[in-house]
Every structure is written in structure tokens, then in C-alpha cells.
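*Asks:* have a look; sequence and predicted model below, questions after that.
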Amino acid sequence: MNEQLTATDSKADKTVFGFWVYLMTDCILFASLFAVFVVLRGNTFGGPSGAELFSLPFVLLETLILLTSSFTAGLAMLAVHRRDNNQVLAWFGITFALGLSFLGLELYEFANLYQEGNGWQRSGFLSAFFTLVGTHGLHITTGLLWMGVMMIKIYRQGISIASAKRLTMLSLFWHFLDIVWIFIFTIVYLAGDIYG
């Protein structure tokens, strides 16, 4: 019996370790994209700069929505530890709605830029912007899909040890995306508005 528990704990430890390795590789990916953006920030090819394109109140709204979703994800994890299925579903449902709202605002911003003739192909600056922010949006989409699948699973089967571990990793992933967004807000939008 003890040998079975030790084998299960060892497998769980390896899974969590593997997930941390994945997050570190994602850090490298985003660090590379940030480096490219910083290098190409001034490469507007005669087109508009970030100061001319971005609306800080709009981006601040996006930021508040995403940070609030991080808070609600934390409340969901507290409910996971209490094994309260209804609270877990409620808080992750709110987190999902906030994440979807954030993604909708991001797509709205991309569509507006594209319609105004400021697509990714216009300049190196815009290519780097769309790549960096779009990669973050792709990660948000992945997180939302993961969250949706887990909510269905909890609704049907309740919280198990395995699902609690998966929800913990999902929560880490979601908080990681919030941290990345803080850097995007600061380096892309805020610094772009200050330095033009």
C-alpha cells in the first residue's frame, strides 16, 4: 500500500515538475518576443508609432479585466481546496467570462488596427506587436479551452485528486499569463505612449 502511494506521489511530482519546465520554456518564448519587439519598436517605416495607435484607457480596461480574472481564479482554487464543486464552477465560470471578454477586446483592437491599414505587414514595429500580443492571445485561448474542459469534467464527476492537480496547473498557467500581460502593458503600451 505504501509503495503504491509513493509511486503515485512520484508520478504527481514529475507531472508538476514537467509543468514548471513548460512554463519556463514559455518564459523563454515570451522573453524572445519581447526582445524582438524592443529592437523593432522604432522601426515604423514611416507609419504610426505606438503613441499614435494605442488607447491607454482601452488597454487599462483590458488589464483590469485580466487581473480580475486572476483574482477569481484564486478564489476558485480556494474552493477546490474546500472541495466545493458549486463554488469552483461559479468562480471558474466568472474567470472564463472575464478571459473571454479580454480576448474579445484584444480581437477588437486587432480588427480596428487592420481596418485602418495598420496590419502586421505594414512595419517591423507592427509585425513585432501583432506577434507578441497575438501569442499572448493564443495562450489565453488555450487557457479558456482548458478551463472549459475542466469545468465540464467537474460538473459531471466532481473534484478528484487528479482534477485538483490539473486545476492547480491551470491556475498557475492563468497567473503566468497575467504576469506576461503586465509586461506587455508596461513595455508595449505604456512605454510606447511615453516614448512614441
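*Replies:* Looks like it came in fine.
*Asks:* buried ones in stretch 20-33?
*Replies:* D26, F30, L33 (16 or more other CB atoms under 10 Å). The way it works is simple: take the backbone N, C-alpha and C, and place the C-beta from them, glycine included.
*Asks:* let me see the ranges of the helices in the chain.
*Replies:* Using DSSP state H, the helices of the chain run over residues 2-40, 50-53, 56-82, 85-115, 124-157, 161-184, 191-195.
*Asks:* pipe these into JSON lines and attach mean pLDDT per row.
*Replies:* Output for the helices of the chain, formatted as JSON lines (pLDDT from 0 to 100):
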{"stretch": "helix 2-40", "mean pLDDT": "81"}
{"stretch": "helix 50-53", "mean pLDDT": "89"}
{"stretch": "helix 56-82", "mean pLDDT": "97"}
{"stretch": "helix 85-115", "mean pLDDT": "97"}
{"stretch": "helix 124-157", "mean pLDDT": "97"}
{"stretch": "helix 161-184", "mean pLDDT": "95"}
{"stretch": "helix 191-195", "mean pLDDT": "63"}
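*Asks:* got a list of what W120 touches?
*Replies:* With contacts defined as CB atoms under 8 Å, 6 or more residues apart in numbering, W120 is in contact with L126, S127, F129, F130, T131.
*Asks:* tell me the most packed of the residues you listed, by neighbour count.
*Replies:* Ranked by neighbour count under the definition other CB atoms under 10 Å, these are headed by F129 with 25 neighbours.
*Asks:* leaving out chain neighbours, which residue sits closest to the spatially most central residue of the chain?
*Replies:* Among the residues of the chain, the one closest to the centroid is L177, at 3.1 Å (CA atoms, centre = their mean). Closest residue to L177 in three dimensions, ignoring its sequence neighbours and counting by CB to CB, 6 or more residues apart in numbering: H139, at 5.5 Å.
*Asks:* ok, that neighbour to I179 distance?
*Replies:* In this structure, H139 and I179 are separated by 12 Å, where distance is defined by CB to CB, to the nearest Å.
*Asks:* okay, those two: which has more neighbours?
*Replies:* When neighbours are counted by other CB under 10 Å, H139 comes out ahead of the other of H139 and I179, with 19 against 12.
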